[in-house]
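In: mind folding the following:
(4 chains)
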There are 4 protein chains.
Amino acid sequence: MSETIGLIGLGNMGQPIAANLMRAGYKLRVYNRTPGKDGSLVASGAVSVARSSETAEPRGIVLTMLTDDAGLENVCTQSASFVERLGPGGIHISLSTVSPAISRRMAEHHAKSGVAFVSAPVFGRPDAAAAARLWICVSGPEKAKNRVAPILKAIGQGTFDFGEDPGAANVVKLCGNFLIASAIEGLAEGFVFAEKNGVPASQLADMLGQTFFACTAYRNYSKIIAEKLYEPAGFRLVLGLKDMNLVLDAATSASVPMPLASLLRDRWLSSLAKGRGNLDWSGIALAAADDAGLNSPTQKKI
Amino acid sequence: MSETIGLIGLGNMGQPIAANLMRAGYKLRVYNRTPGKDGSLVASGAVSVARSSETAEPRGIVLTMLTDDAGLENVCTQSASFVERLGPGGIHISLSTVSPAISRRMAEHHAKSGVAFVSAPVFGRPDAAAAARLWICVSGPEKAKNRVAPILKAIGQGTFDFGEDPGAANVVKLCGNFLIASAIEGLAEGFVFAEKNGVPASQLADMLGQTFFACTAYRNYSKIIAEKLYEPAGFRLVLGLKDMNLVLDAATSASVPMPLASLLRDRWLSSLAKGRGNLDWSGIALAAADDAGLNSPTQKKI
Amino acid sequence: MSETIGLIGLGNMGQPIAANLMRAGYKLRVYNRTPGKDGSLVASGAVSVARSSETAEPRGIVLTMLTDDAGLENVCTQSASFVERLGPGGIHISLSTVSPAISRRMAEHHAKSGVAFVSAPVFGRPDAAAAARLWICVSGPEKAKNRVAPILKAIGQGTFDFGEDPGAANVVKLCGNFLIASAIEGLAEGFVFAEKNGVPASQLADMLGQTFFACTAYRNYSKIIAEKLYEPAGFRLVLGLKDMNLVLDAATSASVPMPLASLLRDRWLSSLAKGRGNLDWSGIALAAADDAGLNSPTQKKI
Amino acid sequence: MSETIGLIGLGNMGQPIAANLMRAGYKLRVYNRTPGKDGSLVASGAVSVARSSETAEPRGIVLTMLTDDAGLENVCTQSASFVERLGPGGIHISLSTVSPAISRRMAEHHAKSGVAFVSAPVFGRPDAAAAARLWICVSGPEKAKNRVAPILKAIGQGTFDFGEDPGAANVVKLCGNFLIASAIEGLAEGFVFAEKNGVPASQLADMLGQTFFACTAYRNYSKIIAEKLYEPAGFRLVLGLKDMNLVLDAATSASVPMPLASLLRDRWLSSLAKGRGNLDWSGIALAAADDAGLNSPTQKKI
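Out: Numbering: from 1, shown residues only, chains lettered A, B, ... in the order given. A predicted model of the protein is given here:
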């Protein structure tokens, strides 16, 4: 259990994940492109390295938690990358929300160096990451998944295996985010409908969360929307657009029309146009209220 | 507890509700417009009456479970109706999914005869009704709600009170149906997205139901959609259009645009146009698959 | 040519139509439910009558230009109506924008009195009516259409015959209004797209009107939208919702999903919610600008 | 008038454009990546060159008519490109439908070599190109536009100037294509509405083209849609998706939600999923009929 592993990417998800790995007994070499994010981790015993490649050791394991496809590709394909240093027998666990396509391409790329690519995107906000209560979707080579299972166990409350296709876990992650965003849109419209027909949204939220929608997605977001708790953001709205575009890109590649995803994307663009990029991503719910003539101090009455 | 009450409407919801009322000790006078639905109830001790008004006795209680606004209005406003017979101190419990507007109008109409109108639409399919596990939304006069509480307790697993406005409970019921239908559309699109990107819908359904969508609405419908269990119908698709139109009508009255509700309505029309009216209402999910070129034996490949 | 005919309905379309009929040599008996609309017509020689039925004479012709289905049905089916007075050989020309269904029902109703029902809804705003430049869609019994052809010629610039089905002309009228509203939505989105990408809408409007969209619908509305000329209203926005609902009702009856019509309806509801009911109906174009963060003095910048 | 100019890209638009340039007296050096497209042009006197750079001469003019952004960028930025050969005083006329962004980037890129970039995308199908009846939108440096005016005159029936921003003409071109596609969707829904309500689409098309939609866009496409003349394709459906994506990308960059454009994109994806990629791009109209239960030999009736 005193294995040393690497972690690249110390944003608001990467940091609590690193802390939990150390808590579980792993020794860590950490790297972040922008310096200054590793202070508390180093204080707890992590080794901060100057180049991303130095997080790796031959036949070792490196996790990455990065912003987007470009960030992932860049860190993997630069010359003398951590992938090359891992070499035959090494494993790269990719925790980021990225496209299925990049995972598939990276898996091929890694194979040339004898490195296994395990896709393991996570569901959960920073507080869930801190509590080691992420839900993890995983796909990739069987043997590699077995070897990294204890690592994933240390950071999440459950892992779901979607087979060998390195893109599969990303498909599931994108689909999950689409479904959560769809629930947000439903709640947004439903609550405006209720309010303008005389029923307080909070009463409705209370009933839904106790009955057929008694699950975390509906409980969390119906509370946020009913009480307009969009600040501080758990997941910033401006970042949500990236995920919606990943969904629509993968849908386009597979010729899948998704009118609800298209509606969501338009909600995102409108929210950004109205200066709401720093709200929580559920702030797209304000659009339904805008459309119904609420939120607008300057509106004319008929 | 050996009070005698009336029940009008013995469809696939009214019958199990009647059975549970008798099981709880109530004596029943039952009526159905189309004869022949009361056989087993009479065998269990219910009295079948020839006219809807005969379900009532002065100062008594009558429940109605009818198809639509017109059915409700008709039975209440015909000459020598059960409402007149209930008279001062009587209570009418309306269980049907109808518009907020008709409930408000009936409440006013009943008040002229001294009868309290309690709106109490229910969530749940026939199997939930049979198991006395309906969720009930209630609104109307405080005193009347108190008196009928044991009756509602006998048929459901929980009652949620939305105040005195007789239309409020209907607003909640419509909103709830809209949200369930929205979840169906989300799942429909998400599953086609997953399948065409290589992930079986059933695996996805399994994960969702154990994690952030661990609630009956998602568990039930993700299973139905993933496995295409549209027959036999729990709630017929052709009847769902009525509910969507009620939602959109109430939204129109309150000037609330609901693009997701509009999308759902179009899904309904398309499903009817394609001859799917007798499937379960979640059969609208087939439309997302149609759009993606599935379900169509005659399609050309590019 | 000195035939006396009747006209019921002296709104902002009925009045100029009446004037043109007199200009063409017809003698007129006119009626309007709200009094005081017939001053100038009477000054020009029209006879104002006190009851709608008095506009008719046996075997004569009466035109109606009314607001909606209810207005039409009411004036036709009241006791001792103008239809009964027309009697065998009489003709009713219905110019109003109403549902295909009501036209079909009225045709049957009239037949019982031996009266022919000719549906003849018109395209054009009050200024086109004043210039006798309406476009007229007509359907109904052949013989009746032939007899009234000179009357329609006196008020329009062209008549299009859609056969014997009394509802057919209404179908075409509703379809035409849907197409014009669709063009408005297209222009609205396109102009916001252009403006936010640096191209003035007026330059774009100018180009479109000289090239592939060199037609009145695009020329008129691209000018109105580019220059925001929504007041005074040629056709009030609040009335446009009626037409959209007629379109969607007829679409529902025929199981025709129309996502663009659904989008338009939502634009209408939003416009009404924002207090824009008295603008020209093309004022729905403001919604696309709202969504893009324009029109909103209070918006926050990112 | 015996000036020698270059043309890169001899597809079904480039070829008739080249022919018209020669007809107007220009000498041509032509290049196409895939060989064998220049036979008839060479027979008419054009010089076929082996490298794209050889189409250029110092201070000369080169036109490009290419498929997409990547094709344009590639031919401009390869080493020893035609742009370098043009050098100070040279002009590149870009006729392709590409993004505003690439035009702006290319303009900056060309400026380093002293070459003026004139954006001049065209409206019109191959038959319009052959008849020298294209509509041309132009933007770029004033002086360069003046010098190339006779060239544009030789291939089109009119040029519209949108100022100095090299991206402006592309914005207009994308907006125009969006508006034409919007008109197609409107006609598609409207015609299905009419047909299922008993009015033949061809009668409706006839009326529209003589009245408020008496313009080429509506006349052409209402005939194609009413009579289902989707083969052979004037502009292939599979290529139309590229244009819709360019619209949505530019809309995203400018935070402009366009629900009608989103609907169109979904129509495209559905059409491709159903194997309709080789139909004319107006073949997206079949989707409205699909949704209404038409086009489907296997549908069940209710």
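In: residue boundaries of the helices in the stretch 151-300 of chain A?
Out: Along the stretch 151-300 of chain A, counting by DSSP state H, counting those that start in this stretch, helices occupy A:168-196, A:201-210, A:216-226, A:237-253, A:259-273, A:286-291.
In: tilt between the first one and helix A:201-210?
Out: So the one you mean is helix A:168-196. Going by axes from the mean of the first three to the mean of the last three C-alpha atoms, to 10 degrees, helix A:168-196 is angled at 140 degrees with respect to helix A:201-210.
In: and the third one, by the same measure?
Out: For the pair helix A:216-226 and helix A:201-210, the angle between their directions (the same axes, to 10 degrees) equals 180 degrees.
In: which other helices and strands contact helix A:216-226?
Out: Contact partners of helix A:216-226 among helices and strands, from 3 or more C-beta pairs under 8 Å, 6 or more residues apart in numbering or on different chains; DSSP states H and E: helix A:168-196, helix A:201-210. Heads up, the C-betas are built off the backbone N, CA and C, glycines and all.
In: what does the second one give?
Out: Taking 3+ C-beta pairs under 8 Å, 6+ apart as the contact definition, the neighbouring helices and strands of helix A:201-210 are helix A:168-196, helix A:216-226, strand B:156-161, helix B:168-196.
In: same thing but at 10 Å, please
Out: When contacts are defined as 3 or more C-beta pairs under 10 Å, 6 or more residues apart in numbering or on different chains; DSSP states H and E, helix A:201-210 packs onto helix A:168-196, helix A:216-226, strand B:134-138, strand B:156-161, helix B:168-196.
In: quick one: closest of the ones you listed to C:Leu21.
Out: helix A:168-196 (45.5 Å; C-beta to C-beta).
In: what stretches of the stretch 1-150 of chain A score poorly on pLDDT?
Out: Along the stretch 1-150 of chain A, the parts satisfying pLDDT under 70 run over A:1.
In: same thing but at 80, please
Out: Filtered on pLDDT under 80, the stretch 1-150 of chain A yields the residue ranges A:1-2.
In: residue boundaries of the helices in it?
Out: Under DSSP H, counting those that start in this stretch, the stretch 1-150 of chain A gives helices at A:14-23, A:39-43, A:69-77, A:82-86, A:100-111, A:126-130, A:142-155.
In: so what's A:Glu185 up against?
Out: By C-beta atoms under 10 Å, 6 or more residues apart in numbering or on different chains, A:Glu185 lies in contact with A:260, A:263-264, A:267, A:282, A:284-285, A:287-288, B:182, B:186, B:258-260.
In: that older thread, pick the most deeply packed of the helices of the stretch 1-150 of chain A.
Out: helix A:82-86 (a mean of 24; mean count of other C-beta atoms under 10 Å in any protein chain shown).
In: what's that one in contact with?
Out: Contact with helix A:82-86 is made by A:6, A:8, A:29, A:31, A:49, A:51-62, A:64, A:75-78, A:90, A:92, A:106, A:109-110, A:112-117, as judged by C-beta under 10 Å, 6+ apart.
In: same thing but at 6 Å, please
Out: A:52-53, A:55-56, A:60, A:62, A:76, A:110, A:113, A:115 (C-beta atoms under 6 Å, 6 or more residues apart in numbering or on different chains).
In: please apply the same query to stretch A:234-249.
Out: By C-beta under 6 Å, 6+ apart, the residues outside stretch A:234-249 that reach it are A:99, A:125, A:174, A:177-178, A:261, A:264-265, A:268, A:271, A:276-277, A:279-281, A:283.
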